[in-house]
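Asks: Got a predicted model here, sequence first, then my questions.
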Amino acid sequence: MVLSGVFSGWESFFQLISVLLIFLFVLVITYLTTRWIGKYQQGMMQNKNIQVVETFRVSNNKFIQIIQVGKKYLVISVCKDVVNILTELTEEELVWKPSQEERGVKVNESFQEILGRLKDKIPRK
């Protein structure tokens, strides 16, 4: 009787360890997959001819955007299922001509750099 109680205790312990190892394995695979997808998407977004310059929310699901397509600037309305071109702007008609750094976009910035900047902004107790 006592011997079977000891074995069931060890079985429970090994089951706990195996569940923890499987959980850690799933976490590592999830982390690696997320990093891979992030790098893939970042590579897809670089050096493209379409950039969103500015976005203005009109209502819950309606936006007006200024986008740069090549060297042209277009004003578009974005609704739930419809995108319409409202007008074309010249570069001189823009009040503010943002660069990527002015918009807060750093092309090759790592997550560690972003996290470091956020840590500097959080007040310490």
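Replies: Right, received. Where do you want to start?
Asks: Now do the strands in the chain.
Replies: With strands called from DSSP state E, the chain shows them at 50-59, 62-69, 72-78, 83-89.
Asks: which helix is the longest one in this structure?
Replies: Across the chain, the longest stretch assigned as helix under DSSP state H is helix 2-45.
Asks: tilt between it and strand 50-59?
Replies: Helix 2-45 and strand 50-59 are oriented at 110 degrees to each other (axes from the mean of the first three to the mean of the last three C-alpha atoms, to 10 degrees).
Asks: Mean pLDDT for the strands of the chain - can I get that in CSV?
Replies: Putting these into CSV (pLDDT from 0 to 100) gives the following:
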stretch, mean pLDDT
strand 50-59, 88
strand 62-69, 92
strand 72-78, 93
strand 83-89, 93
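Asks: Out of the ones you listed, which gets nearest to residue 25?
Replies: Closest to residue 25 of those is strand 50-59 (C-beta to C-beta; 38.9 Å). All C-beta spots, glycine's among them, are computed from the backbone N, C-alpha and C.
Asks: What are the buried residues along that closest one?
Replies: By neighbour count on 16 or more other C-beta atoms under 10 Å, the buried set for strand 50-59 is 51, 53.
Asks: What ranges in the chain fall below the confidence cut-off?
Replies: The model of the chain has pLDDT under 70 over residues 1-7, 45-47, 96-108, 125.
Asks: Try it again at 80.
Replies: 1-9, 41-48, 95-111, 123-125 (pLDDT under 80).
Asks: Identify the residues contacting the most centrally placed residue in it.
Replies: In the chain, the centroid-proximal residue (C-alpha atoms, centre = their mean) is residue 38; its distance is 7.6 Å. Residue 38 makes no contacts at all, as judged by C-beta atoms under 8 Å, 6 or more residues apart in numbering.
Asks: Check residue 111 too.
Replies: Contacts here follow C-beta under 8 Å, 6+ apart; on that basis residue 111 touches nothing.
Asks: burial count for residue 73?
Replies: By other C-beta atoms under 10 Å, the residues close to residue 73 number 20.
Asks: Would you check how far apart it and residue 88 are?
Replies: Per C-beta to C-beta, to the nearest Å, residue 73 is found 7 Å from residue 88.
Asks: Now the strands of the chain in a markdown table, please, with extra columns for distance to residue 8.
Replies: A markdown table is the format used below for the strands of the chain (distance: least, C-beta to C-beta, whole Å):
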| stretch | distance to residue 8 |
| --- | --- |
| strand 50-59 | 61 |
| strand 62-69 | 62 |
| strand 72-78 | 62 |
| strand 83-89 | 64 |
